[in-house]
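Novice: everything below, folded, please.
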Amino acid sequence: MLSLGDLTTTEQIIEKSRFITYSMHVEGEEEAREMISMIRDEHRLATHVCYAYIADKLGNLQRFSDDGEPSGTAGMPILDVLKKNRLFETCICVVRYFGGIKLGAGGLVRAYSGGAAENVAFAKKYDYLLCRMLALKVGYGMIDSVKLFLSSHECELKSTEYLESVFFHVAVKDSCADSFQKDLIDYCNGKVEISEKETYFYPFPLAI
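Specialist: Below is the predicted model:
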């Protein structure tokens, strides 16, 4: 599942109107509505706050709003950007401060879709994959070996704890978790203890 990360903001000035676009990952409709409410509160004097979101992992939960713009000129063009980029659990809001020059229906569609597309192109994208969180326990003498192994394998190091032993907390794709553990044990000559934690969707950054 492709989605975005934390809040990303971009801005355009088109015929003296100011368009500010926000996007972020949302887990469910409640988070999407919270994001929209936050932006409305921040821009109480804005002429329009238009939005679209796909709030689930399957693409079934879709909503959009023109917020007073002519029907079909804002919300749907923003939603089309989400669909074209295959983004799920993602919300995009475009705030407009009217500058005195009317853009016409075609101009509005280009402004809202263009602002959303520019924002998505700028935002950091993630592949949310089913993963297992693994806790790797090793002695201090194995730190460099484990770091070298992790750097050469597809995984995401989430945190490291330096206690009486060293604990690496690593997210590994569920599809390759078994082979990852076997290879690591072989690489460390058995000098590693592996504990499986929760399984969940984890965001892996997409290579640019």
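Novice: domain map for the protein?
Specialist: Per the record's domain assignment (automatic domain parsing), the chain is made up of the domains 2-123, 129-205.
Novice: quick one: buried residues of stretch 64-71?
Specialist: The neighbour-count check on stretch 64-71 (16 or more other Cβ atoms under 10 Å) flags 64, 65, 66, 67, 69 as buried. (Each C-beta comes from the backbone N, C-alpha and C, glycine too.)
Novice: surely the fourth one meets residue 73?
Specialist: No: checked against Cβ atoms under 8 Å, the pair residue 67 and residue 73 is beyond contact range at 10.7 Å.
Novice: circling back: out of the domains of the chain, which gets the lowest mean score?
Specialist: Lowest mean pLDDT within these: domain 129-205, a mean of 93.
Novice: distance between the ends of that one?
Specialist: This stretch, domain 129-205, spans 11 Å end to end (Cα to Cα, to the nearest Å).
Novice: about what we covered before: which one of the buried residues of stretch 64-71 is nearest residue 98?
Specialist: When these are compared for distance to residue 98, the smallest value, 10.2 Å, is given by residue 69; criterion: Cβ to Cβ.
Novice: who does the nearest residue to the closest one once chain neighbours are set aside bridge with?
Specialist: In space, residue 69 comes closest to residue 48 once its chain neighbours are excluded; the distance is 5.5 Å by Cβ to Cβ, 6 or more residues apart in numbering. Applying DSSP bridges to residue 48 gives these bridge partners: residue 96.
Novice: so residue 48 is in contact with residue 65, correct?
Specialist: No: contact between residue 48 and residue 65 fails when scored by Cβ under 8 Å: they sit 9.2 Å apart.
Novice: what do the two both touch?
Specialist: Any residue near both residue 48 and residue 65 by Cβ atoms under 8 Å, 6 or more residues apart in numbering counts here, and that gives residue 74.
Novice: now the strands for this structure?
Specialist: Along the chain, counting by DSSP state E, strands occupy 2-4, 8-14, 17-25, 48-54, 62-65, 90-97, 125-138, 156-162, 166-173, 193-205.
Novice: out of those strands, flag the one nearest residue 107.
Specialist: When these are ranked by distance to residue 107, counting by Cβ to Cβ, first place goes to strand 8-14 at 7.7 Å.
Novice: rebuild the strands of the chain as a markdown table, extending it with distance to residue 32.
Specialist: As requested, the strands of the chain are arranged in a markdown table below (distance: least, Cβ to Cβ, whole Å):
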| stretch | distance to residue 32 |
| --- | --- |
| strand 2-4 | 12 |
| strand 8-14 | 15 |
| strand 17-25 | 9 |
| strand 48-54 | 4 |
| strand 62-65 | 7 |
| strand 90-97 | 4 |
| strand 125-138 | 16 |
| strand 156-162 | 25 |
| strand 166-173 | 25 |
| strand 193-205 | 17 |
